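Undergrad: how does the following fold in three dimensions:
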Amino acid sequence: MYKALSAGIALLCAASTAQAQNSVQVFGVIDTFAQHTNTGKGYQTAIDSSGLYGTRWGVKGREDLGGGNNVEFVLEQGFKSDTGAAADPTRVFSRQAWVGVGGAMGQIRVGRQNALMFLNENRLDAFVGASMASGLNNFSTYTVRTDRTVSYFSPALGPVRFQLYYGFGTTGGAKSANGSYSGALTYDRQRLHLSLVHQAVRNAQDTDTRKALYAGGHYEFEPATVYLGYHRARSPLAQIDKDVLTGSVRYHLTAALDLGVGYTHLRDHSSRDSGASQLGTILIYTLSKRTQLYSTLSYLRNRNIGNYTLDGAAVAGLPLAYAGADARGLQLGIVHFF
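TA: Residues are numbered from 1 along each chain as shown. Here you go, the predicted structure:
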């Protein structure tokens, strides 16, 4: 079935391109990295995928309806570039699968979508909210994508935009099992970029709601950009009750080379009192229009029985040798966009 679907997509791309140039496009990202990491019991070296960006391929299209209106769709599947395996073998399109109608009044989308917190994370962090060096990436707790979601993306209202998500649960609305709702407010004016995002997701057992918040942004001083971010996550049943503060700087050393440095602190208010902190650095070298090289150096300190690891954009970090162990590591990777 998967082969038949792939063949059908290829035919669709060919037919659509013939009728309307660039109306359908195949796109993707390949991110492969090596890491040399110590998680409490000596260093080990490993090859993995999705360090700075989630490795994926997809198809997206757009049809002009006239009068400034259009229809768009995105189908996107994650995979592991180190093995070729699907990131989620239970789904044909694990990352996104939505169709939307838009115009001067904004856009409405329906289907599986990237969460608003995911879309705004890079605005709060010099590490684009990813890589082993990002404390915000390693300490944040939220649902990255939601199913059966109806969303609205507003047009620009001066420097302000807003987005709303409503995710239908398996048995009803947003407050039923697997249901969700979210909202975001962004402000962009000259060099200042701010975001405020809230998310609430009901668990599969319909017994608990996990709530999360992002607030912060960045200011472009040029050649440096300063980022400040705050994350709040609560889930009574899962014993999640934490605040995360992060600050980082991205500096353009040359036209092709960027340096990022950041510090993140997590305060745990739950009965486990398992906080953490992290210091990270990243170098990103733009080799060409489509290819980047990156290197990170990270030190993550867990408190008490904390179990936070050095994660990638779409890959879990190597497990700790024991609860409360510190993690430190070096990451070298390559990213190619197509």
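Undergrad: tell me the secondary structure for residue 118?
TA: Of the three states, residue 118 takes helix according to DSSP: H, G, I helix; E, B strand; the rest coil.
Undergrad: direction included, what does the helix or strand encompassing residue 265 pair up with?
TA: Using DSSP states H and E, residue 265 sits within strand 257-268. Strand 257-268 pairs in its sheet with strand 240-252 (antiparallel), strand 276-286 (antiparallel), by DSSP bridges.
Undergrad: columns mean pLDDT and distance to residue 327 on top of the ones you listed, output as CSV?
TA: The C-beta positions use only the backbone N, C-alpha and C, and glycine is treated the same way. CSV is the format used below for the strands paired with strand 257-268 (pLDDT from 0 to 100; distance: least, Cβ to Cβ, whole Å):
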stretch, mean pLDDT, distance to residue 327
strand 240-252, 98, 17
strand 276-286, 98, 9
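Undergrad: and those strands as JSON lines, adding mean neighbour count and distance to residue 307?
TA: Formatted as JSON lines, the strands paired with strand 257-268 follow (neighbours: other Cβ atoms under 10 Å; distance: least, Cβ to Cβ, whole Å):
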{"stretch": "strand 240-252", "mean neighbour count": "19", "distance to residue 307": "13"}
{"stretch": "strand 276-286", "mean neighbour count": "21", "distance to residue 307": "9"}
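Undergrad: against residue 333, how distant is residue 58?
TA: Distance of residue 58 to residue 333, given as Cβ to Cβ, to the nearest Å: 21 Å.
Undergrad: er, residue 63 actually
TA: Counting by Cβ to Cβ - residue 63 and residue 333 are separated by 36 Å.
Undergrad: those two - which one has more neighbours?
TA: A count of neighbours by other Cβ atoms under 10 Å puts residue 333 above the other of residue 63 and residue 333, at 26 against 14.
Undergrad: run a quick check on that one versus residue 49, I expect a contact.
TA: No: Residue 333 is beyond contact range of residue 49, at 9.3 Å (criterion: Cβ atoms under 8 Å).
Undergrad: shared neighbours, those two?
TA: Shared contacts of residue 333 and residue 49, defined by Cβ atoms under 8 Å, 6 or more residues apart in numbering, are found at 31, 32, 33.
Undergrad: quick check, nearest of these to residue 77?
TA: residue 31 (14.6 Å; Cβ to Cβ).
Undergrad: what pairs with the longest strand seen in the chain, parallel or antiparallel?
TA: Using DSSP state E, we find that the single longest strand of the chain is strand 24-38. In the sheet, strand 24-38 lines up against strand 43-49 (antiparallel), strand 56-66 (antiparallel), strand 327-337 (antiparallel) (DSSP bridges).
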